[in-house]
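[1] pasted the sequence and its predicted model underneath.
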Amino acid sequence: MMLIDSAADFEIKDYLRMEMMPHFLCPGCGHGIALRALLWAVHDLGIDKDRLAVVSGIGCAGRLSAYVDANTFHVTHGRPLAYATGLALARPDLNVVVITGDGDCLAIGGNHLIHACRRNLKITCLMLNNEVYGMTGGQVSPTTSETRLTTTTPQGNSEPHFDACALAMAAGAGFVGREVTRHVPKLKELIKAGLDHPGFAFVEVLSDCTEIFGRKNDMGSSPEMMLRQKSELRPTAYRDTVDMPFRANSLPTGILAKNERPEYGATYRREAAPRHGVSR
Amino acid sequence: MNAVDTALTGKSAPRLVSGNNACALGAIAAGCRFFAGYPITPSSEIAERLARRLPEVGGVFVQMEDEIASMAAVIGASMGGVKAMTATSGPGFSLKQENLGYAAGAEIPCVIVNVMRGGPSTGMPTRPSQADLMQARWGSHGDYPIIVLTPGSVREIFDETIRAFDLAESCRSPVVLLYDQVLAQLSETVALDGARSGVGVVRKWASGPRSEYRPYAADASGIPAMSRPGAGYRTHTTGLTHGEDGFPTQNPEAVTRNLSRLFSKLERNRSAIDSSATLHCNDADVVIVALGITARAASRAVELCRAQGVRAGLFRPITLWPFPEQALRAAAATARAVLVPEMNAGQLCLEVERVLAGTRVEGLHRFNGEPIVPVEIAARAAALAGE
């Protein structure tokens, strides 16, 4: 099928810093799959590596930028969207991609996320959601499902979790999508659509943490966790579940919102600087 | 001719300018083309002025969602190769420390203005203070070098803002411009002449083949060349401890090598960084050490003392950190006692005591939101000289 065929000329090593291998991800981790999908999307779109800037925060997802053969910035916890905002405003010639995790993006970085959605600067934000703070040893995160065990919810999580896509849509993101690591070509196509979107694009990737989260919750092997993705998720229009985004027993995937409103950087350059134009 | 043109052409008639507006004009004259900030008294006039002026010179102004984000955006813009600045006051300065530490460790040039108001916490937003002297040096966690400039007049705010950008670029370091609420909102008649028409100091950019470029390898200056995104180097920048290749490492030798260079890089460039001023120190029995608006009061106090036959002098750090030890020792060579008036509970006096160990050092401290006036300083200086 079409989706698979485009892999023929994609060689991931062309986009990785192979000198950084072996990578530090645990066996079974979904983050490597997400990174592959991102780089495949970059390849499909013909984005020049010299014009690609990857900004990442802190955590397992944050470490991915170091593996990408591009201009990469591994910044402070929760702040990659704020750094990316400065970079994208100063350098509209760059393709700015943010890689962040659920804790980085929704807890410490939550304020930056909602304002990035509202501001609508051309940034593609890839949030890898594994429901846990993996790097620090498995603490509860804003997306941890109810009743799940973590090192800081030893009796089971009793806090409701965020629906990150609902949050992004409510904050005004022009492009919002969700996909799972189980469907790599679909994930790649979703990221491509996000990269192509002329404004802020929020892409949530449901990624499995097998070693820490899965083990703690008896969720089985990596393939078994991937099968869970299949049973709990369905491609659907968001409106079908919008009335019950929290604690829904199924989460919608695919493109959930897409509208093209004016991109902030272009608007600023057009309206704030009518006589001079902004350099670069 | 508007103020921007004036700042850019160097032609200027004397005009009434506030400290905060002088800072904004100095930034544009220095080549600043990006400002990210968050409203806070008493620094907001800098943001307001730059929101109007930056687009006129092809720059970008953005008001971010919080102080943390504005510091992050400034670093992001600078990593993109654009001279960038933010401005704030105490509570915001506290929030900026996280990313300020990143800029120090990853060696990203940027300028942070902190208009000091009374603290702690929300404190006295419309009242002056000089209580962030130590925070400016040590506010972020870990060891790191930083440059802090403390101008003492509206004209000097203009000049030191330009120098802040020059030093940030040439030393690849965050530079803090520290002045108090009085200077910020004081309007003085000044001629902003002598301003440059060009963009000032240009960062040392990477050149040569990618295979030979090591992002944190430096020559004898200790300042590595930076790579500009899009120039083909595709480097990695991280807040993790890194080696010369820019990638994270915990190898003790690599960590020692890079951090030793980082910690010593400002020392290697002290001749360009150091700046201080003296008044009648040659024969002084008592030397007053003060900065900012307190130094203005102290200079009048020196006149009052001299009129009474008291041999008083003034030493004024313009670069506060690294502290101008040698210049202070020279200025205080004849002094029997040193008086340190400052609007805090005792910060500058600690450094003066350290540098002038063995010399009598007394503080004159006020932290109630009122500036220290000349007659108070003169009375204490005269008393010290007579003891």
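    Received it, and whenever you're ready, just let me know what you need. Numbering: from 1, shown residues only, chains lettered A, B, ... in the order given.
[2] all helices of the stretch 1-150 of chain B, in order?
    Per DSSP state H, counting those that start in this stretch, the stretch 1-150 of chain B carries helices over the ranges B:3-9, B:19-30, B:44-53, B:67-79, B:90-106, B:133-138.
[3] then chain A?
    Here chain A has its helices, by DSSP state H, at A:2-5, A:31-44, A:80-90, A:102, A:110-119, A:164-170, A:184-196, A:215-216, A:222-232, A:264-271.
[4] now render those helices as TSV, adding mean pLDDT.
    Converted to TSV, these look like this (pLDDT from 0 to 100):
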stretch	mean pLDDT
helix A:2-5	52
helix A:31-44	98
helix A:80-90	98
helix A:102	98
helix A:110-119	98
helix A:164-170	94
helix A:184-196	97
helix A:215-216	96
helix A:222-232	85
helix A:264-271	94
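[5] rewinding a little: out of the helices of the stretch 1-150 of chain B, which is the most enclosed?
    For those, the largest average neighbour count (mean count of other Cβ atoms under 10 Å in any protein chain shown) is found in helix B:67-79, namely a mean of 31. Heads up, the C-betas are built off the backbone N, CA and C, glycines and all.
[6] residues near the closest residue to B:Gly118 other than its chain neighbours, how many?
    Spatial nearest neighbour of B:Gly118, chain neighbours left out: B:Met124 (3.2 Å); criterion: Cβ to Cβ, 6 or more residues apart in numbering or on different chains. Neighbourhood size, B:Met124 [other Cβ atoms under 10 Å in any protein chain shown]: 16.
[7] is it true that B:Met124 touches B:Gly369?
    Yes: if you go by Cβ atoms under 8 Å, B:Met124 and B:Gly369 touch, sitting 4.6 Å apart.
[8] for those two, list the residues in contact with both.
    Residues touching both B:Met124 and B:Gly369 (Cβ atoms under 8 Å, 6 or more residues apart in numbering or on different chains) are B:Gly118.
[9] could you tell me which residues of the stretch 251-387 of chain B lie near chain A?
    By Cβ under 8 Å from any Cβ of the partner chain, no part of the stretch 251-387 of chain B sits against chain A.
[10] partner strands of the strand ranked longest in chain B and their direction?
    Across chain B, the longest stretch assigned as strand under DSSP state E is strand B:110-118. If you go by DSSP bridges, strand B:110-118 pairs up with strand B:84-89 (parallel), strand B:124-128 (antiparallel), strand B:174-180 (parallel).
[11] nearest to B:Leu314, out of the ones you listed?
    Closest to B:Leu314 of the strands paired with strand B:110-118 is strand B:174-180 (Cβ to Cβ; 17.2 Å).
[12] buried ones in the closest one?
    B:Pro174, B:Val175, B:Val176, B:Leu177, B:Leu178, B:Tyr179, B:Asp180 (16 or more other Cβ atoms under 10 Å in any protein chain shown).
[13] stretch A:207-225 now?
    With burial defined by 16+ other Cβ under 10 Å, the residues of stretch A:207-225 counted as buried are A:207-214, A:216-217, A:219, A:222, A:225.
[14] and stretch B:270-280, by the same measure?
    B:Ala272, B:Ile273, B:Asp274, B:Ser275, B:Ser276, B:Ala277, B:Thr278, B:Leu279, B:His280.
[15] got the CA coordinates for the longest strand of chain B in PDB?
    Listed next in PDB are the C-alpha coordinates belonging to strand B:110-118 (Å, rounded to 0.1, in the frame of the first residue of the first chain):
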ATOM      1  CA  CYS B 110      22.100  37.300  26.000                       C
ATOM      2  CA  VAL B 111      21.300  40.400  28.100                       C
ATOM      3  CA  ILE B 112      19.100  40.500  31.100                       C
ATOM      4  CA  VAL B 113      18.100  43.800  32.700                       C
ATOM      5  CA  ASN B 114      17.100  43.600  36.300                       C
ATOM      6  CA  VAL B 115      15.600  46.900  37.600                       C
ATOM      7  CA  MET B 116      16.000  46.400  41.400                       C
ATOM      8  CA  ARG B 117      13.000  47.100  43.600                       C
ATOM      9  CA  GLY B 118      12.500  46.300  47.300                       C
END
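[16] report the angle between the axes of that strand and helix B:44-53?
    Interaxial angle, strand B:110-118 versus helix B:44-53 (axes from the mean of the first three to the mean of the last three Cα atoms, to 10 degrees): 140 degrees.
[17] the strands in chain A, which residues?
    Counting by DSSP E, the strands of chain A are A:52-56, A:71-74, A:95-101, A:124-129, A:132-133, A:139-140, A:175-180, A:201-206, A:233-235, A:251-258.
[18] check contacts around the closest residue to chain B within the stretch 101-250 of chain A.
    Taking Cβ to the nearest Cβ as the measure, the stretch 101-250 of chain A has A:His115 as its residue closest to chain B, at 3.9 Å. Applying Cβ under 8 Å, 6+ apart to A:His115 gives the contacts A:Ala171, B:Met64, B:Glu65, B:Ala69.
[19] could you do B:Leu177 as well?
    By Cβ under 8 Å, 6+ apart, the residues touching B:Leu177 are B:Cys23, B:Val111, B:Ile112, B:Val113, B:Asn114, B:Val148, B:Leu149, B:Pro151, B:Ile157, B:Glu160, B:Thr161, B:Ala164.
[20] bridging residues for the fourth one?
    This points to B:Val113. What pairs with B:Val113, by the bridge criterion (DSSP bridges), is B:Ala87, B:Leu177.
[21] surely it touches B:Ser89?
    No: counting by Cβ under 8 Å, B:Val113 stays clear of B:Ser89, with 9.1 Å between them.
[22] name the residues contacting each of these two.
    Shared contacts of B:Val113 and B:Ser89, defined by Cβ under 8 Å, 6+ apart, are found at B:Ser43.
[23] quick one, phi/psi of B:Thr122?
    phi -60, psi -30 (degrees, to the nearest 10).
[24] okay, now it: neighbour count?
    10.
[25] repeat that for B:Glu376.
    By other Cβ under 10 Å, 14 other residues sit near B:Glu376.
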